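J.: Sequence below, structure please.
(chains A and B)
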Amino acid sequence: MKSLTPKTPVALTRRDLLKAGGALVVGFSFCPALVNAQPARAAIAGPPDPQQIDSWIAIHADNTATVYIGFAELGQGCSTALLQVAAEELDLGMDQVQSVGLDTHITPNQGGTYSSQAIRRGQPQVQRAAAEARQALLALAAERLLVPVASLRVDNGLISAGGDDAAFTTYGELIGDQLFNLPFTGSAPVKNVADYRVVAQPVRRKDIPAKAAGTYSYMQHQRLPNMLHGRIVRPRGQGAYRNGIEIVAVDAASIANIPGARIVRKGNFLGVVAEREWDAVRAAEQLKVQWAQPQALPGNAGLFEQMEAAPTTDRVARDEGDISTFANAAVKTEFAANAPYQAHAPLSPNCALAQVTADSALVLCSTQDVYGTRNQIAGLLGLEATQVRVQYHEGAGTFGHSCWDDAAQAAAMMSQLSGQPVRVQFMRWDEQGWDTYGPAHVGKVRAAADANGKMLSYEYAGWQHHWSLVDTTLQTANGVAASEWPAMNAQQINPLVLGGQYSIPNIRLVNHHVDGLDYLKGAWLRSPLDLAMAFVSEQAIDDLAFQLAMDPFEFRKLNILDQRWLGVLEAAASAAKWQSRPAHATSEPSSQIVQGRGIGLGTHLASWGGAVAEIEVNRQSGVVRVLHLYGAIDAGLVVNPSNVENQIIGQLIQTASRMLHEEVTFNTTNVTSLDWSSYPILRFADSPQVTPVIVQRLNEAPLGAGEEVMAAAAAAIANAFFDATGKRMRMFPFTPERVLAALA
Amino acid sequence: MADQTTLLLNGAKVAVSSSPDTPLLYVLSDELQLKGPRFGCGLAQCGSCSVLVDGVELRACATSLDAVIGKRITTLEGLPALYAQAKGLDRVPQFTPLQQAMIDEQAIQCGFCYNGVLIKATELLNNNPAPGDAEIREAMNGHLCRCGTYPKILSAIRKAADAMGGAA
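T.: Residues are numbered from 1 along each chain as shown, chains lettered A, B, ... in the order given. Below you'll find the predicted structure:
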């Protein structure tokens, strides 16, 4: 590395990183096989100071950059997209930028990777940090080359003075592997959209070749020296959240034939550990435990009745105009429908690895929020937060809060109890049975339009419980009482999905919060509650169009003022070559298999989604097949169109799965859907055709694109069912049994 | 500790010490620390753990070690070598045409299903170089993908068949 001294002081001093006590940031790995292979620029209890450029970007001697990104790669490709943003502002090639794994001792705290916000919140931070780093580098280059900054050009990190090929330097030469030591002010100008060369391009994801080759290290592949394998031991399937788990008796002799296995227990937390994984697996299966299992759940059969009858805490989410206009309207509809609990059901159950000592803990897991998990682990173990280091390693896609915290806590607890590092792999029944499910929903809607098809009034009431705050390991090991998230912190009924798509003068939305302690555990599942709400609401909108003998697309268009809702509506309809006609216009069908098409609008917290579904219904067997789904998203500026297309495809397929197949089953004692047989999902044979449509808006702020077309697609499928059969579904999934009942 | 057992794994003889009743998955993923075959359900329902045994796709979570002694086991890691051998290539390519098609199609989200998907599709294309759409779907139907990448995986398998000359 060349030694370099600026001739005049600029707002930049440089120290040799090694002398400063840090370590060189070398190599690149999203998921290193060994913990020690993590680049350790700032391996101290984090978060690193977000007000320092060095917390975000390091430039290396080989003219590459490491970008410290605080968001988890969940298979959605955000790591690639955020690197595109950094490469754009730094004028580096995509092969010159890299990231490191999320780690509370290395990466900044950008909050959790929730609600499709990695790009929404991450893009501006990464963009401004990169722009500011570039500005500092150009100031250095100007001094070195003795030319004004304005004359400099950057191409792949090569800085040249305009017109003079001889005068050039590189980022690496200027600052390679040294600290900027500059405050991050956010004041550097960012590029004009017109000058983008990397952003808005379908850049290939960096992780795919290793994943295809079988060399990629998922969380499940992480190991530590002297490590034990752990398995949790719980009843098969959770009961009421309030009750947690109660052990009556453990028969230790029942695993005496597995000498490598031993029991670890604290309170009602129970597990087994063994050197060999198979020993841990079979010991957990074989261990005889007597549980107290009270009949404290309503069961599927009594669920909705109990929710509606329960005392609720009510909140008016929106109240405009006068909904009594409903009474005298020309066209009215009243519709009530329900939605089930649904599971995250990652293809691999969660896995975590922990090494706990008297004054420290290292925890590797698949959390979407390393800093949030760190605080919980600290509480569980009785350590300070700064004594706990949490690293994120990618697992199988889970699309919301599955058992990652529970698994991380279980590994930490077993390590504390056994005195060795412990890797805990949840079994299929652990993950399916002890998930924090997407909660069930009861929705009731009344809507009205005038004789010309203009909507007059809209009223929605929704019932559901909240997300669970205390995970099962914490509940059982430390006796922490079950509780829900504070009321205002979570998504409840969503005004954007409940009539918010349309211009309606009189509207009132009421959220009925049911106390969740007497139900299953709950948490956010991709597009939380939106599928349920759109399923109810958009069927009512469709019914108004039907009563008016209007085409459902035309009816919606007539009632939309917002250009971005209109944009996705028209994009989806256009992709599907939508022909105008009222729904279910044909006379009673005579054929056994009938086809239908439907349209819907919805989103999550931002962005706009529109979808069209084409389905067929076998009236004899009750089997519904989704033939083709068209999904359009307007997410503002789309940084990587290839990623977003994949996201739309995934959302459409998953929506078909959730509408046709997915339902958590439970009796009055416990959950009974514990594997892929009792919790089926969509398979290859029934995978519909999909057409993803991106409404690209280069001059609008980038928003989420990971869950914003599911509500629309759910609604489109429901409305297609009506188009095909003339009947409305009042509950999903559309199992043959339910379909035949609806058609009877 | 159990006696040593010798496996024919990815073209090599490998000694292992797991007991004979151990499911092959734990021999491969725990004792040998391979990254291809991976735990998904332990119930032979999802295909995450699939391997080829004498060219036939099997669920390693539900196949005991003693059932595969003397048989040729191929994992995801061994697919390029298996392909090179079948095609009589001088050197082992980095990727098989199927793996390359998956990369080209960007047919992925989390990629956890890739092990089983690639193993099963390799078996399919070995037996039927020019499968129709219905045949591909039927062959793949025992493998689950939670991220919903089925359309792109189907497309990648078709492209791989084309690239290997099957459709000609």
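
J.: Low-confidence stretches in chain A?
T.: Within chain A, the segments meeting pLDDT under 70 span A:1-43, A:46, A:72-78, A:111-121, A:163-166, A:487-491, A:586-589.

J.: what's the longest helix in it?
T.: helix A:118-145 (DSSP state H).

J.: helix or strand right after that helix?
T.: For helix A:118-145, the following helix or strand on the C-terminal side (DSSP states H and E) is strand A:152-155.

J.: What is that next one packed up against?
T.: helix A:118-145, strand A:158-161 (3 or more C-beta pairs under 8 Å, 6 or more residues apart in numbering or on different chains; DSSP states H and E). (Each C-beta comes from the backbone N, C-alpha and C, glycine too.)

J.: That one: which residues count as buried?
T.: By 16 or more other C-beta atoms under 10 Å in any protein chain shown, the buried positions in strand A:152-155 come out as A:152, A:154.

J.: so how far is that strand off the chain centroid?
T.: For strand A:152-155, the separation from the chain centroid amounts to 38 Å (computed by C-alpha atoms, centre = their mean, to the nearest Å).

J.: Same question for stretch A:91-98.
T.: With C-alpha atoms, centre = their mean as the basis, stretch A:91-98 stands 27 Å off its chain's centre.

J.: so what's A:W434 closest to, chain neighbours aside?
T.: Excluding its sequence neighbours, the residue lying closest to A:W434 (C-beta to C-beta, 6 or more residues apart in numbering or on different chains) is A:Q238, at 5.2 Å.

J.: I'd like to know which residues of the stretch 301-450 of chain A are adjacent to chain B.
T.: A:345-349, A:394-397, A:399, A:425, A:427-428 (C-beta under 8 Å from any C-beta of the partner chain).

J.: rerun that using 10 Å as the cut-off
T.: Proximity of the stretch 301-450 of chain A to chain B, by C-beta under 10 Å from any C-beta of the partner chain, involves residues A:344-349, A:351, A:394-399, A:423, A:425-429, A:431-432.

J.: so what's B:G47 closest to, chain neighbours aside?
T.: The nearest residue in space to B:G47 (C-beta to C-beta, 6+ apart) is B:G116, at 3.2 Å.

J.: quick one: which of the helices and strands packed on strand A:152-155 is nearest B:K35?
T.: Nearest to B:K35 among those is helix A:118-145 (25.6 Å), distances taken as C-beta to C-beta.

J.: Tell me the buried residues in the closest one?
T.: Residues A:118-123, A:125-145 are the ones in helix A:118-145 that count as buried (16+ other C-beta under 10 Å).

J.: could you list every residue that touches A:L509?
T.: A:315-320, A:445, A:458-462, A:492-495, A:498-500, A:533, A:537 (C-beta atoms under 10 Å, 6 or more residues apart in numbering or on different chains).

J.: From those residues, which land in helices?
T.: A:533, A:537.

J.: Of the contacts of A:L509, keep whichever come out buried.
T.: Using 16+ other C-beta under 10 Å, the buried ones in the contacts of A:L509 are A:318, A:445, A:458-462, A:492-494, A:498-500, A:533, A:537.

J.: what's the burial count for A:I323?
T.: 20 (other C-beta atoms under 10 Å in any protein chain shown).

J.: Format the CA atom coordinates belonging to stretch A:584-603 as PDB.
T.: C-alpha atoms of stretch A:584-603 as PDB (Å, rounded to 0.1, in the frame of the first residue of the first chain):
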ATOM      1  CA  HIS A 584     -71.000 -14.300 -13.200                       C
ATOM      2  CA  ALA A 585     -73.000 -13.000 -16.200                       C
ATOM      3  CA  THR A 586     -73.600 -16.400 -17.600                       C
ATOM      4  CA  SER A 587     -76.600 -18.400 -16.700                       C
ATOM      5  CA  GLU A 588     -76.300 -21.400 -14.300                       C
ATOM      6  CA  PRO A 589     -73.400 -23.500 -15.600                       C
ATOM      7  CA  SER A 590     -74.100 -27.000 -16.600                       C
ATOM      8  CA  SER A 591     -70.500 -28.200 -16.800                       C
ATOM      9  CA  GLN A 592     -68.700 -29.900 -14.000                       C
ATOM     10  CA  ILE A 593     -65.600 -27.600 -14.200                       C
ATOM     11  CA  VAL A 594     -66.300 -23.900 -14.400                       C
ATOM     12  CA  GLN A 595     -63.900 -21.100 -14.800                       C
ATOM     13  CA  GLY A 596     -63.900 -17.600 -13.500                       C
ATOM     14  CA  ARG A 597     -61.800 -14.400 -13.300                       C
ATOM     15  CA  GLY A 598     -61.600 -11.900 -10.500                       C
ATOM     16  CA  ILE A 599     -59.800  -8.600  -9.700                       C
ATOM     17  CA  GLY A 600     -58.600  -7.100  -6.500                       C
ATOM     18  CA  LEU A 601     -56.700  -4.200  -5.000                       C
ATOM     19  CA  GLY A 602     -54.600  -4.100  -1.800                       C
ATOM     20  CA  THR A 603     -51.300  -3.500  -0.200                       C
END
